[in-house]
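*Asks:* coords please:
(2 chains)
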Amino acid sequence: MAFEKHRNILDYTLQTLLRRKFKNAGIILVFTFVIFIVGSIVFLSYSLKREARLLFKNSPDIIVQKMRAGRHELIPVTLGNDIMGIAGVSNAGPRYWGYYYDSGAKANYTILGISTFGLENNRMLTGRLPSAHERGVAAIGRGIADVRIIKKDIGSTLYLQDADGKWMDFNIVGIFESDSEILTDDLIVMSEDDFKYLVKMPSGTATDLAVNVYNETEIPTIAGKIKERFPDSRPILRDEIIRTYDAVFSWRSGLIVTLFIGALTAFIILAWDKATGLSAEEKQEIGILKAVGWETSDILEMKFWEGVVVSLTSFLCGIIIAYVHIFFMGAFLFAPALKGWSVIYPDFRLTPFIDFYQIAILLSVTVIPYIASTIIPSWKAAITDPDIVMRG
Amino acid sequence: MEGSDNRSGYSYEGIKAVNSEQWTVNSKTIIKTENTTKIFNKGKPDEVIAVNGLSIEISKGDFVVFKGPSGSGKTTLLSLIGCMSRPTSGRVIVGNRDVSRLPERFMTEVRRGTFGFIFQQFHLIKGITVCDNVMLPLYPTDVKPLRLRKMAEEILNSLNMKERKDFYVRKLSGGEQQRTAIARALINNPEIILADEPTAHLDTHLSDEFLAIMRKLNKQGKTIVIATHDPLVYEKDYVTLCIEMRDGRVRKMN
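*Replies:* Just a heads-up that it's a prediction; the model follows:
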């Protein structure tokens, strides 16, 4: 049975690998590191994009901002009623949000005045959200709870300074837990009334307007009509936001890859070194094998198994370590560069999710070239007459 | 099945097609070279004619010695006969077949099925055990691992190497390394044993020991071909054919 032959060759390959254990261990180590870096970036950026998509799944179809001199400014709430007059719009309402700089923590928080639109789909809240007109209560992200000197929890009080410099206190009624979506970690949610009071927002204005439509396919048409009817407005489509997030995370992934280009280069040099020649000892071994009756194809099979064992071991180790790093250890190595847009970096745990297409690409750009780099020089040596190889 | 190995000759359809010509060979002749020439680096300034128009015949069961100084072409002739390289011109016939133009795969088959090689430097693989070295020629075959190991152990036993079977090669003495090389040459039960300067690194006692083993194998019917410039080898009375070489040509044959 032909199986025995392949098993014998595989046996011999494993012996060969063990014989050069330090060299092979070194290659596996470097290879694993490279796969770990690239795998981590792939896992993290893909999961972040996916997380962002989930987050925006129930967000408004269109957000309408008012623009002046190219800058976003407060929008009159009454504009919502006018937008409601456009055929196909199911509802339109104000959103109240902004940023709050905490000089103590040297961090920016996102503040949100709760209204009809927003966080009703949030699955990570412990406790509850404030209602639209409830005063002196807030729900905060775990990041804020942790960054404050005094550990905050439900029932604690959060102090914020209003636009006039006066202190407002908020009873914390809800916490967005850390294993939640990225946007909630630095978030403070309060009632619409408290928000307006905190930032001294003029009556009858909002940060922007959230618009929903009946038919998804008409979103671009309705956005066009809004723009046409209200030239100083900027309608932003949900899909555009998702695309922006994708682009941002892709860009950040690219940045990290660039930072680790040194490691990648080292690996390429290593692979190239392997590809461009065999040691005298390896050449002689091939000569001996040929002289005692191994065919060229047997030697190539041996080298193929050698490449498979080294590269697949490295690949699996690298991918497993990357998986643990991203999904169980909070991506502590790359998180600051990839996740944060605030000073608070959410200590969240991403939902484990693997894109097999990306894994397949990673496999094809690392394992296959390595196997090829193992086989090609051996093939060159193996097609030579064995006596020349042995004399050489 | 693509072909079958009957030891004394290969009956591959492919080979038949390649070798449509038939040669008249004495029924006892096992190796024949016809005007065989081997040139290294042909057409280059460092061109070397290692074997120059050589024609010899070796009969089955012969104990043959190629003698001559370094550079006389002994090793090259051995490698041509053993299907390790191809002649630049002329023919090499093993059994009834011209092997000089065989495709690589069939040359390997002939090499593995017909010849056992013993090299000057032994050419053992250092990082594996004696037993694994002996098993090497039959790894790429369908012999089961346990059977393969048993075969290797039997041969090592016959060469008084039983105790050393699990030793790494680097821990062996010169004589033990050579017996390991002999065991490796014998595992495929070859009809012809080719040895290149086998006593070059051995003292007189070990050389005699080696020759005794070769003599024993010759008595069992194996054809022995040794390339050497050691008188201890070519002066033995059981040498049936001694071919003296110089500058790639036969100087004397007796």
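
*Asks:* quick one: the strands in the chain?
*Replies:* With no chain named, the answer covers chain A. Shown for chain A, the strands assigned by DSSP state E span residues A:62-68, A:71-73, A:75-76, A:89-102, A:107-114, A:125-127, A:137-141, A:157-161, A:167-176, A:187-191, A:205-206, A:208-213, A:233-237.

*Asks:* hmm, I had chain B in mind actually
*Replies:* Counting by DSSP E, the strands of chain B are B:29-40, B:48-59, B:63-67, B:89-94, B:97-98, B:115-118, B:192-196, B:223-228, B:241-246, B:249-253.

*Asks:* buried sites along the second one?
*Replies:* By that I understand strand B:48-59. Neighbour counts using 16 or more other C-beta atoms under 10 Å in any protein chain shown place B:49-52, B:54, B:56-59 of strand B:48-59 among the buried residues. For every residue, glycine as well, the C-beta is placed using N, CA and C.

*Asks:* now, which of those residues sits nearest chain A?
*Replies:* B:Ala50 (10.5 Å; C-beta to the nearest C-beta).

*Asks:* which residue is nearest the centroid of chain B?
*Replies:* B:Leu194 (2.4 Å; C-alpha atoms, centre = their mean).

*Asks:* correct me if wrong: it contacts B:Thr228.
*Replies:* No: counting by C-beta atoms under 8 Å, B:Leu194 stays clear of B:Thr228, with 11.8 Å between them.

*Asks:* need the residues of the stretch 151-254 of chain B near chain A, please.
*Replies:* Neighbours of chain A within the stretch 151-254 of chain B, by C-beta under 8 Å from any C-beta of the partner chain: B:184, B:188.

*Asks:* point out where the stretch 151-254 of chain B drops to low pLDDT.
*Replies:* Scanning the stretch 151-254 of chain B for pLDDT under 70 picks out nothing.

*Asks:* ok, which stretches of it are helices?
*Replies:* Assigned by DSSP state H, counting those that start in this stretch, the helices in the stretch 151-254 of chain B fall at B:174-186, B:204-219, B:231-234.

*Asks:* most packed of those?
*Replies:* helix B:174-186 (a mean of 23; mean count of other C-beta atoms under 10 Å in any protein chain shown).

*Asks:* neighbouring contacts of that one?
*Replies:* Residues outside helix B:174-186 that contact it (C-beta atoms under 8 Å, 6 or more residues apart in numbering or on different chains) are A:292, B:116-119, B:122-124, B:130, B:133-134, B:136-137, B:152, B:155-156, B:159-161, B:164, B:169, B:172, B:193, B:198, B:201-202, B:206, B:209-210, B:213, B:217.

*Asks:* buried ones only from these, please, as a PyMOL command.
*Replies:* What follows is the PyMOL syntax selecting those of these that are buried according to 16+ other C-beta under 10 Å:
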select buried, (chain A and resi 292) or (chain B and resi 116+117+118+119+122+123+124+130+133+134+136+137+152+155+156+159+161+164+169+172+193+198+202+206+209+210+213+217)
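
*Asks:* could you find the closest non-adjacent residue to B:Lys162?
*Replies:* B:Leu156 (5.8 Å; C-beta to C-beta, 6 or more residues apart in numbering or on different chains).

*Asks:* ok, that neighbour touching B:Phe167?
*Replies:* No: assessed by C-beta under 8 Å, B:Leu156 is found out of contact with B:Phe167, at 10.5 Å.

*Asks:* CA atoms of stretch A:357-375 as CSV?
*Replies:* The C-alpha coordinates for stretch A:357-375 follow below in CSV (Å, rounded to 0.1, in the frame of the first residue of the first chain):
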residue,chain,number,x,y,z
TYR,A,357,-11.7,34.3,4.4
GLN,A,358,-9.0,36.5,6.0
ILE,A,359,-7.5,33.4,7.8
ALA,A,360,-7.3,31.7,4.4
ILE,A,361,-5.6,34.8,2.9
LEU,A,362,-3.2,34.9,5.9
LEU,A,363,-2.5,31.2,5.4
SER,A,364,-1.8,31.6,1.7
VAL,A,365,0.6,34.5,2.1
THR,A,366,2.6,32.9,4.9
VAL,A,367,2.5,29.1,4.8
ILE,A,368,2.5,28.6,1.1
PRO,A,369,5.5,30.9,0.4
TYR,A,370,7.4,29.2,3.2
ILE,A,371,6.7,25.7,1.9
ALA,A,372,7.8,26.9,-1.5
SER,A,373,11.0,28.4,0.0
THR,A,374,11.7,25.0,1.5
ILE,A,375,11.1,23.0,-1.6
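
*Asks:* what's near enough to touch the residue lying closest to A:Asn91 once chain neighbours are set aside?
*Replies:* Sequence neighbours aside, A:Asn212 is the residue nearest to A:Asn91 in space, at 5.2 Å (criterion: C-beta to C-beta, 6+ apart). Listed by C-beta under 8 Å, 6+ apart, the contact set of A:Asn212 reads A:60-62, A:89-92.

*Asks:* OK, contacts around the closest residue to A:Val309 other than its chain neighbours?
*Replies:* Nearest residue to A:Val309, sequence neighbours excluded (C-beta to C-beta, 6+ apart): A:Leu17, at 6.1 Å. By C-beta under 8 Å, 6+ apart, the contact set of A:Leu17 is A:24, A:306, A:309-310.

*Asks:* which of those lies closest to A:Asn8?
*Replies:* Among these, A:Glu306 lies closest to A:Asn8 (C-beta to C-beta), at 14.7 Å.

*Asks:* chain center to stretch A:132-151: distance?
*Replies:* 26 Å (C-alpha atoms, centre = their mean, to the nearest Å).

*Asks:* buried residues, that stretch. List them.
*Replies:* Under 16+ other C-beta under 10 Å, the buried positions of stretch A:132-151 are A:134, A:137-145, A:147-148.

*Asks:* ok, A:Ile114 touching A:Leu129?
*Replies:* Yes: between A:Ile114 and A:Leu129 there is a contact under C-beta under 8 Å: 6.0 Å.

*Asks:* surely A:Gly113 meets A:Pro130?
*Replies:* No: the criterion here is C-beta under 8 Å, and A:Gly113 misses it with A:Pro130 at 9.2 Å.

*Asks:* ok, back up a step: dump the strands of chain A into TSV; add mean pLDDT as well.
*Replies:* Shown next, in TSV, are those (pLDDT from 0 to 100):
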stretch	mean pLDDT
strand A:62-68	92
strand A:71-73	91
strand A:75-76	94
strand A:89-102	90
strand A:107-114	85
strand A:125-127	75
strand A:137-141	87
strand A:157-161	89
strand A:167-176	88
strand A:187-191	88
strand A:205-206	93
strand A:208-213	92
strand A:233-237	91
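
*Asks:* CSV for those strands, including distance to A:Ile320?
*Replies:* Listed next are those as CSV, based on distance: least, C-beta to C-beta, whole Å:
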stretch, distance to A:Ile320
strand A:62-68, 41
strand A:71-73, 45
strand A:75-76, 50
strand A:89-102, 39
strand A:107-114, 34
strand A:125-127, 32
strand A:137-141, 31
strand A:157-161, 41
strand A:167-176, 30
strand A:187-191, 33
strand A:205-206, 48
strand A:208-213, 43
strand A:233-237, 39
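
*Asks:* what's near enough to touch residue 168?
*Replies:* Here I'm looking at chain A. A:136, A:159-162, A:194, A:197-198.

*Asks:* meant chain B, my bad for not saying
*Replies:* Counted by C-beta under 8 Å, 6+ apart, B:Tyr168 has contacts B:126-130.

*Asks:* out of these, who's near chain A?
*Replies:* B:127-128.

*Asks:* what's the farthest-apart pair in the contacts of B:Tyr168?
*Replies:* B:Gly127 and B:Val130 (12.1 Å).

*Asks:* anything in contact with each of these two?
*Replies:* Joint contacts of B:Gly127 and B:Val130 (C-beta under 8 Å, 6+ apart) are B:168-169.

*Asks:* which one (most neighbours) among the contacts of A:Met168?
*Replies:* When neighbours are counted by other C-beta atoms under 10 Å in any protein chain shown, A:Asp194 leads these with 26 neighbours.
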